[in-house]
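Visitor: how would this look folded up:
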Amino acid sequence: MMEAKFHQLRPGQRFLWQGSTYEKINPLLARSLDNGAQRMVPRSTLVTRLEGEVAPVAAEPPPPDLAAARRVFEDYHRSSLHWLERQDGSEEKLRQARTALAQARHRVLAALGGKEEETAPPEGNAG
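Guide: The predicted structure is shown next:
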């Protein structure tokens, strides 16, 4: 048996900690093999690897297609603006809703790491 810090284990590896046997689920969680309960384990926690335990090598998930995500989001944004323009409401409420949508759009695009492009106005409406 060999000691290691929790962050050094790979998902699927089994280890002893505080008198119980666990399996690492992800970088923050482990599942008790005694009762199935999940516990958060600090990265720096010293645990004891079980002898002969080798974690299965998981295939890396493909990187997300951010360009596709941006296209889908822009389509959603255009649809939202189109729906908004068809609602009955005061010009002030419409302006507030457009502003809120524009701010939300800006936050999502910033999170996706893409440059912001102008969203085309809904069809049949130039303003």
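
Visitor: So which elements touch the helix or strand where residue 78 lies?
Guide: Using DSSP states H and E, residue 78 sits within helix 66-85. Where contact means 3 or more CB pairs under 8 Å, 6 or more residues apart in numbering; DSSP states H and E, helix 66-85 is packed against helix 91-112. (C-beta placed from N, C-alpha, C; glycine too.)

Visitor: and the helix it packs on with helix 66-85, angle?
Guide: Angle, helix 91-112 to helix 66-85, by axes from the mean of the first three to the mean of the last three CA atoms, to 10 degrees: 170 degrees.

Visitor: Packing partners of helix 91-112?
Guide: Applying 3+ CB pairs under 8 Å, 6+ apart, we find helix 91-112 packed against helix 66-85.

Visitor: List the buried residues for the helix it packs on?
Guide: Judged by neighbour count using 16 or more other CB atoms under 10 Å, the buried positions of helix 66-85 are 70, 74, 77, 80-81, 84.
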